[in-house]
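> Predicted coordinates and the sequence they were generated for:
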Amino acid sequence: MPNEPEFFTEIILKPGEVYFGERDTRIRTLLGSCVAITVWHPLLRIGGMCHFLLPTNNIAKVGNQLDGRYADQAMLLFMHELERTKTRSADYVVKVFGGGSQFTSSAKAAGISVPDKNIIAGSALLEQHGFKVKAGDLGGTGHRYVIFDIWSGHVWLRHAKAG
């Protein structure tokens, strides 16, 4: 695996954003109930990360603009990048993180929670589009700091418990 480049671009991914780029890029994000998906092409050293908040937008989309806040649309943004780069989903190393409850178990509401819905939607969309998940860290309580280095494909994770 290559060492850290002398100079690299650092992207701070905010909730609802998707970034896809080339080597010499590091992407960071902070997750709570949201889910982040990283995709990395080991031969071309390209890849990206999405940080979605909800599984889908139940309101009609305005115009043709896709919205990365929603899992289904964030996945379509990834698919546009694969089409642009003439790559296939099967060629990517995929890792998935997040979906942590921000409340203690005594404060959880009945039914399927937003974090659980995000995890289910992300997993289903990855399978639907032919991606195979290599690793991940999903569910639990608290938030996560995620760093993804495109030059190496390494993803670094640090947990912080909900208080």
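Cool, the structure landed. All figures in this text were calculated on a predicted structure; none of them were measured in a lab.

> From now on I want contacts and neighbour counts done on CA atoms only, so please keep to that.
Will do.

> that's a helix at residue 74, yeah?
Yes: counting by DSSP: H, G, I helix; E, B strand; the rest coil, one finds residue 74 located in a helix.

> My read is that it contacts residue 15, right?
No: using Cα atoms under 8 Å, residue 74 makes no contact with residue 15, being 11.3 Å away.

> Mutual contacts of these two, please.
Shared contacts of residue 74 and residue 15 (Cα atoms under 8 Å, 6 or more residues apart in numbering): residue 52.

> neighbour-wise, which of the two wins?
Set side by side, residue 74 and residue 15 show more neighbours around residue 74, with 27 against 20, by other Cα atoms under 10 Å.

> The more buried one and residue 94, how far apart?
Plainly put, residue 74 is 14 Å away from residue 94 if you go by Cα to Cα, to the nearest Å.

> swap in residue 140?
20 Å.

> quick one: which of these two has more around it?
Remark: of residue 140 and residue 94, residue 94 carries more neighbours, 23 against 19, as counted by other Cα under 10 Å.

> where's that one, which helix or strand?
Here residue 94, judged by DSSP states H and E, is contained in strand 93-98.

> Past that strand, which element shows up next along the chain?
Later in the chain than strand 93-98, the nearest helix or strand by DSSP H and E is helix 114-128.

> Give me the buried positions along the worst-scoring helix or strand of the chain on mean pLDDT.
Least confident helix or strand of the chain, by mean pLDDT, DSSP states H and E, is strand 155-160 with a mean of 94. Across strand 155-160, burial judged by 16 or more other Cα atoms under 10 Å covers residue 155.
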